[in-house]
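In: Pasting the sequence and the predicted model now:
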Amino acid sequence: MRKKSIQTITILLFLLSFHIVSFAQGNFTTNEVRQFMSKGEQNGIEIILNGTNTNAAKDGLKKLAKKYKAKVVSEKKSPEIMLDNAQISTASANTVDIYAILTPITNGTKATFFTDLGGAFITSSAYGSQYTAMDAVIREFAQNQALTSVGDQLKEEEKLLKTMNKELSSLQKTKSKTLKKIEEAKQSIVKMEQEIVKNDADQAAKQQQISLQQQIIETVKSKRSSLKN
């Protein structure tokens, strides 16, 4: 049973380390896409946020808006989140409007960003330097989301470790109590064995007393018989 538990832990550690390496190596790859959004069919930048759900990604967009002094605009029925008048000096001397669409996928979220320079959306072909600047912004956003995700995972793992330590402490206390009971039981057994030895001795002594008393009774009976004659 113990060997099986060790093998299970080893497999889990291997899978965890493999997941972390894969997560670190492939998390910040962007792709230029062209698809429909609220302003028609436009070019955008797509990135996969592994380990980040849509709610966490929305929180990340709020932080991104705060960093670039933009206003977050969203509607409940619309999948888009707009960062209005973002001040990104590397992309434009003027403010830009960023439209983000978050799509839930297996184990993460797909984020697609469309950047409006003010009448024209950024494309790699027409606005090369602006595209590169926004690509860097989006990669940084993804990195921050990954750090947040790993940070949350770390908290959960530390919480689990704390629980395991408590369980270990409880097991150790249970063992100590059980060992104490065993020791008390051993001492009780020794005491009872001593009582048995004493009991045997007392029985032997009592048998001698009984035997002597029987002799006395026989002597008295004999004396009584002689008085009758």
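Out: Done, it's in.

In: use CA for all of it now, contacts and neighbours both
Out: Will do.

In: May I see the buried residues of stretch 70-89?
Out: 70, 72, 80, 81, 82, 83, 84, 85, 86, 87, 88 (16 or more other C-alpha atoms under 10 Å).

In: I'd guess residue 91 is in a helix, am I close?
Out: No. Under DSSP: H, G, I helix; E, B strand; the rest coil, residue 91 sits outside any helix and is assigned coil.

In: since we're on the closest residue in space to it that isn't next to it in sequence, how many residues are nearby?
Out: In this structure, residue 91 finds its nearest non-sequential neighbour in residue 130, 4.5 Å apart by C-alpha to C-alpha, 6 or more residues apart in numbering. By other C-alpha atoms under 10 Å, 20 other residues sit near residue 130.

In: So for residue 130, what pLDDT did the model give?
Out: The score at residue 130 is 97. That number is its pLDDT.

In: what's near enough to touch it?
Out: Residue 130 is in contact with 90, 91, 92, 122, 124, counting by C-alpha atoms under 8 Å, 6 or more residues apart in numbering.

In: One more: residue 132?
Out: Residue 132 neighbours (C-alpha under 8 Å, 6+ apart): residue 124.

In: Find out how far whichever strand or helix holds the residue nearest to residue 91 is from the centre of the chain, if you would.
Out: Element membership for residue 130 (DSSP states H and E) is helix 128-228. On the basis of C-alpha atoms, centre = their mean, to the nearest Å, helix 128-228 sits 30 Å off its chain's mean C-alpha point.

In: Please give the element, helix or strand, for residue 48.
Out: Counting by DSSP H and E, residue 48 is found in strand 40-50.

In: who does the helix or strand following that strand touch, helix- and strand-wise?
Out: Downstream of strand 40-50, the next assigned helix or strand under DSSP H and E is helix 54-67. For helix 54-67, the elements it packs on are strand 71-74, strand 96-105, strand 108-116, helix 128-228, judged by 3 or more C-alpha pairs under 8 Å, 6 or more residues apart in numbering; DSSP states H and E.

In: go again using 7 Å as the cut-off
Out: strand 71-74 (3 or more C-alpha pairs under 7 Å, 6 or more residues apart in numbering; DSSP states H and E).

In: Can you list the neighbours in contact with the strand it packs on?
Out: Strand 71-74 has contacts (C-alpha atoms under 7 Å, 6 or more residues apart in numbering) with 62, 65, 80, 81, 82, 83, 84, 85.

In: For it, C-alpha coordinates in PDB please.
Out: C-alpha atoms of strand 71-74 as PDB (Å, rounded to 0.1, in the frame of the first residue of the first chain):
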ATOM      1  CA  LYS A  71     -12.600  53.600 -19.300                       C
ATOM      2  CA  VAL A  72     -14.100  50.100 -19.300                       C
ATOM      3  CA  VAL A  73     -17.300  50.000 -21.300                       C
ATOM      4  CA  SER A  74     -19.400  46.800 -21.500                       C
END
